[in-house]
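Enquirer: no FASTA, just this:
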């Protein structure tokens with residue numbers, strides 16, 4: 001019989017051991033982020049029903065890394081404000097090794113990598129959202145950047161032109177309009 005006292009656990013709770021015969025499961029709960037290691041407590045012998053024996057000693061440690069911390073994403077480059085460009089390139093990083101997903105204008109999440117190049121952008125407001133997932137599957141918070149594509153020049157209208165005048169000065173009204 002194998003018992004919890006047969007093992008030493010680092011960064012984990014008291015192990016629960018279940019099983020029979022040749023298959024046993026040792027379960028522990030991590031107490032903090034980092035390596036959770038389970039190792040035999042000293043030396044002990046095991047034997048099978050046929051009488052074959054083995055001695056287990058040091059060197060049989062097993063570890064798994066527990067990670068409950070989600071990565072954070074930082075957008076390091078890309079447009080903001082207004083631009084005439086109908087393409088955009090965004091650069092971004094994560095606080096740890098991660099894969100990324102991007103979402104342009106709420107169209108849905110897609111796998112992406114830095115730099116993420118966006119093309120054929122229509123005039124108007126745009127928002128890109130980026131999030132990271134680390135190797136443990138922790139999904140980080142969404143970061144976003146908004147900008148406006150504006151390829152239409154403003155209109156200029158000269159109005160209130162005097163038809164005739166006997167004055168040496170004339171007044172013209174010029175209206176610079178918003179994009180047409």
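Expert: Looks like it arrived, so ask away. The model shown is predicted, which means the values in this text are computed figures rather than measured ones.
Enquirer: Relative to the centre of this protein, find the outermost residue for me.
Expert: residue 166 (71.7 Å; C-alpha atoms, centre = their mean).
Enquirer: helix, strand or coil for it?
Expert: Under DSSP: H, G, I helix; E, B strand; the rest coil, residue 166 falls in the coil class.
Enquirer: Name the spans of this structure whose pLDDT lies under the cut-off.
Expert: The chain contains residues with pLDDT under 70 at 1, 42-48, 56-59, 178-180.
Enquirer: center of it, which residue is that?
Expert: Nearest to the mean C-alpha position of the chain, by C-alpha atoms, centre = their mean, lies residue 132 at 1.0 Å.
Enquirer: Quick check: residue 99 touching residue 109?
Expert: No. Counting by C-beta atoms under 8 Å, residue 99 does not reach residue 109; the two are 11.6 Å apart. Any C-beta I mention is one placed from the backbone N, CA and C, and that applies to glycine too.
Enquirer: Any figure for the gap between residue 30 and residue 140?
Expert: Per C-beta to C-beta, to the nearest Å, residue 30 is found 20 Å from residue 140.
Enquirer: more crowded one of those two?
Expert: residue 140 (21 against 17; other C-beta atoms under 10 Å).
Enquirer: next helix or strand past the lengthiest strand in the chain?
Expert: Longest strand of the chain, by residue count under DSSP state E: strand 124-134. Moving toward the C-terminus from strand 124-134, the next helix or strand (DSSP states H and E) is strand 143-149.
Enquirer: Apart from its chain neighbours, what residue comes closest to residue 155?
Expert: In this structure, residue 155 finds its nearest non-sequential neighbour in residue 177, 4.1 Å apart by C-beta to C-beta, 6 or more residues apart in numbering.
Enquirer: if we can go back for a sec, wait, isn't the residue nearest to the centre of the chain in contact with residue 75?
Expert: No. With contact defined as C-beta under 8 Å, residue 132 does not count as touching residue 75 (11.4 Å).
Enquirer: Overlap of the contact sets of these two?
Expert: Residues touching both residue 132 and residue 75 (C-beta atoms under 8 Å, 6 or more residues apart in numbering): none.
Enquirer: before we move on, back to that, tell me the contacts of the residue nearest to the centre of the chain?
Expert: 71-73, 94-95, 98-101, 139-140.
Enquirer: Whichever of those residues end up buried, select them in ChimeraX.
Expert: Selection of buried members from the contacts of residue 132 for ChimeraX, criterion 16 or more other C-beta atoms under 10 Å:
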select :71,73,94,98,100,101,140
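Enquirer: surely residue 85 meets residue 118?
Expert: No. Contact criterion C-beta under 8 Å: residue 85 and residue 118 do not qualify, at 10.0 Å.
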